[in-house]
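In: my questions concern the predicted model and sequence given below.
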Amino acid sequence: MTKSQDLQTTLHRIYNEAAEVMSGLMDTQNMYIALYDKNTAIVEFPLAYQDGKLVPDEEKVAGRPWGPRRFGERNGLTEWVIQHKESLLIEKDFEGWAKAHNVNVFKMDTRCWLGAPMLLRDEVIGVIGLQNFERERIFDQQHCDLLMTIASQTGVAIENAQLFEATREIARQREERLRRLQQISQRMVEASQNPEGVLEFIARTANDIINSALTSVYLYDQATSTFTSGVSVWREGAVERIENSALPSPEDFASQIAEGQTSDFIENIADRPRVSSFAHRFHLQAFAALPLTIAGAQGLPTTMGVLFVNFKEPHVFLEDEQEILRHLANQAAVAVAFSSAQAAALAQEQLAALGTATGTLQHRLGNTINVILPAVLRLRHRVGDDATSLSILDTVERNALFAGEVIRRMQNPLRSEPFVRTNLNSLLREAIQKCIQENRYPQVSVLVDPAQSSPNDHDQPQLVITTQLDEHLPETFASVGQMTEVFRVLVENAIKAIQPNAGVITITSRLTGNALGRFAEITVSDTGKGIEEKTQQKLFKQPVPRKEFGEGAGLGLWLSQIIVRSHQGVIRLYASEPGKGSTFWLRLPILAQPLLSHAVPKGEERL
């Protein structure tokens, strides 16, 4: 039998050659070829002729005589040959034989039937069947022997065709997999250029390439074993940003993936109902959970985040798809790490731009205020004791001074300074002293150490600042002025959150480390009024002015985040509860050499 490269072509060639060989010996007008897949237990009929005419594909649907069916679903003649692995010749009394052997047939008007198994290494891969509806004994044992020979050769030809198709399909799948892997790599390079949108970009890429219903990406801080932010993107395009209480908890399945640094593929949530409340929330049926890990400074893997790729129906994750997802997770981890470096560079550019803008603004505003304040002084002499006029002049003067103070406070942390080796504990102590000196509530005692209190101190509300600083914290390279300003903002905000009541501020520093390197972690906690949920959402995204006049323009935390990012660090609100207080957390890398910084205009003009 001639070898074919295409299964369907092979089947037609088998029929034509068999019909040519057998045409002078037996009837081939009603002939079919059935294929049997032992792995799936499916019997199908890719080629069938009735009265010399090819049975159309529309007749080969489930439930019809020529449609595919599961082996054992119907005990037909084809199934009998497959089960017994031998040829079958029914020369006469077809109906009687079928009833005696409990075989189901679609048409009892068959008069004579002949079938032979296609054997390959003692396994049945199909059946060739012949039937006649007009006469009995049209087939005999010689016909049966000939059909067995043809069936044997047919089995080899079909195997060759199937092997070729399988090889071609593997090549096609590899080509498609390579294309998708290249697409992922290209997209992740693009994503890393956009620090603000990297998570959304990763999620959209997963939806596009894997055809998932919903993809979620969470950033993970391995040093504190907490998730810091996240985003979910639906295939339809909807985006949900995830922050604070909506992030996975330490007990959540996502934390297990982050800590264990191993992927998990849940093909049916019904089999593991406790793995993710997230899946139940959105009525998902299957998902893949993969850690975003990169090699750290010491070669150990560090978790940057967790990727969830979700489906609305049970989903079988084939080997190729798992490989693509793992590649996506690896590339996403690199994109997240690179975007962090980009964020630091962007923060330095923002500082440079702000320095230029505030320097110009300070100069112009200074000239204006230098005109306003002398004019106010002259007007005071003219209005005499007119209370209304004096009140208006007081307001003008107070606003002018406040505007100048805001610009001055903005300009100080933006001044250009080199990164120098410094002790962060010393900067913390300096920031505390500055805040004590600037305390605007003289009726409140500010104590750096509770042991300093005296009996007289207890006559008025006490605000106690305690420090728990790691004296073994190594020096690092930083901008002294900028980092002192960040610490001052945190301590001053804590004081304002408590005053004029009594309370405690606790400031800590400690050395931590992971595969990415060593870090200084600093916390500033207070027992003050806390921060409302709606305010928490925008603390670092935009200036948040205080309601009380003269309490500041709300630039402190916003600028602090830019400064910390320029030092390749992280700052965030760690915890806050209205009426109970807040904790801010800051992490800075211990740098062995200074970062490259942008030159920032100094803006030395004075008001």
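Out: Perfect, thanks for sending it.

In: okay, now the unreliable bits of the stretch 401-550 of the chain?
Out: Across the stretch 401-550 of the chain, the ranges flagged by pLDDT under 70 are 401-417, 439-461, 514-516, 541-550.

In: what are the boundaries of the helices in it?
Out: In the stretch 401-550 of the chain, the segments counted as helices under DSSP state H, counting those that start in this stretch are 424-437, 480-498, 533-536.

In: the ones you listed: which one's closest to residue 129?
Out: Nearest of these to residue 129, taken as CB to CB: helix 533-536 at 73.4 Å. Placement of C-beta: from N, CA and C, glycine included.

In: double-check residue 432 against residue 467; I have them as touching.
Out: Yes: when contacts are counted by CB atoms under 8 Å, residue 432 is listed as touching residue 467 (7.4 Å).

In: who has more neighbours, the two?
Out: More crowded of residue 432 and residue 467, by other CB atoms under 10 Å: residue 432, with 22 against 15.

In: so who does the more buried one touch?
Out: 448, 465, 467, 487, 491, 507 (CB atoms under 8 Å, 6 or more residues apart in numbering).

In: in space, not sequence, find me the middle residue of this structure.
Out: Closest to where the C-alpha atoms of the chain average out (CA atoms, centre = their mean) is residue 217, at 2.3 Å.

In: that older thread, buried subset of the contacts of residue 432, written for PyMOL?
Out: Selecting only the buried entries of the contacts of residue 432 in PyMOL, with 16 or more other CB atoms under 10 Å as the criterion:
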select buried, resi 448+465+487+491+507
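
In: pick out the most distant pair among the contacts of residue 432.
Out: 448 and 487 (14.0 Å).

In: look up phi and psi at residue 318.
Out: phi -70, psi 160 (degrees, to the nearest 10).

In: about what we covered before: isn't the residue nearest to the centre of the chain up against residue 305?
Out: Yes: contact criterion CB under 8 Å: residue 217 and residue 305 qualify, at 6.0 Å.

In: intersection of neighbour lists for these two?
Out: Both residue 217 and residue 305 are in contact with 199, 292, 332, where contact means CB under 8 Å, 6+ apart.

In: residue 56: which of these is nearest?
Out: Residue 56 lies nearest to residue 332 out of the shared contacts of residue 217 and residue 305, by CB to CB, at 48.7 Å.

In: re earlier: quick check: the residue nearest to the centre of the chain vs residue 285, distance?
Out: Per CB to CB, to the nearest Å, residue 217 is found 20 Å from residue 285.

In: next: residue 155.
Out: Relative to residue 285, and taking CB to CB, residue 155 is found at 40 Å.

In: just want to know which of these two has more residues nearby.
Out: The neighbour comparison of residue 155 against residue 285 (other CB under 10 Å) goes to residue 155, with 21 against 17.

In: how about the contacts made by that one?
Out: Contact analysis of residue 155 by CB under 8 Å, 6+ apart lists 118-120, 125-126.

In: and the nearest residue to it once chain neighbours are set aside, what pLDDT?
Out: By the measure of CB to CB, 6 or more residues apart in numbering, the closest residue to residue 155 outside its immediate chain neighbours is residue 118, 3.7 Å from it. pLDDT for residue 118: 90.

In: now residue 114
Out: Value for residue 114, per-residue pLDDT: 95.

In: sec struct for it, please.
Out: Three-state assignment for residue 114 (DSSP: H, G, I helix; E, B strand; the rest coil): strand.

In: hang on, the earlier thing: which single one of the contacts of residue 432 is nearest to residue 377?
Out: residue 491 (35.5 Å).

In: ok, that closest one touching residue 435?
Out: Yes: using CB under 8 Å, residue 491 makes contact with residue 435 at a distance of 4.7 Å.

In: ranges for the helices of the chain?
Out: Taking DSSP state H to define them, one finds helices in the chain at 7-22, 77-84, 94-100, 141-192, 198-210, 253-260, 277-281, 319-383, 387-411, 424-437, 480-498, 533-536, 556-566.

In: from the chain's centre, how far out does the second one sit?
Out: Distance of helix 77-84 from the chain centroid (CA atoms, centre = their mean, to the nearest Å) equals 51 Å.

In: same deal with the fifth one?
Out: Between the mean C-alpha point of helix 198-210 and the mean C-alpha point of its chain there is a distance of 8 Å (CA atoms, centre = their mean).

In: what comes up buried for that helix?
Out: 198-207, 209-210.

In: keeping just the C-alphas, turn that helix into CSV.
Out: Written as CSV, here are the backbone C-alpha positions of helix 198-210 (Å, rounded to 0.1, in the frame of the first residue of the first chain):
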residue,chain,number,x,y,z
VAL,A,198,3.2,47.5,34.3
LEU,A,199,0.7,45.3,36.3
GLU,A,200,-2.2,46.2,34.0
PHE,A,201,0.0,45.5,30.9
ILE,A,202,1.0,42.0,32.3
ALA,A,203,-2.7,41.2,33.0
ARG,A,204,-3.8,42.3,29.5
THR,A,205,-1.1,40.2,27.9
ALA,A,206,-2.2,37.1,29.8
ASN,A,207,-5.8,37.6,28.7
ASP,A,208,-4.7,38.1,25.0
ILE,A,209,-2.3,35.2,24.8
ILE,A,210,-4.0,32.6,27.0
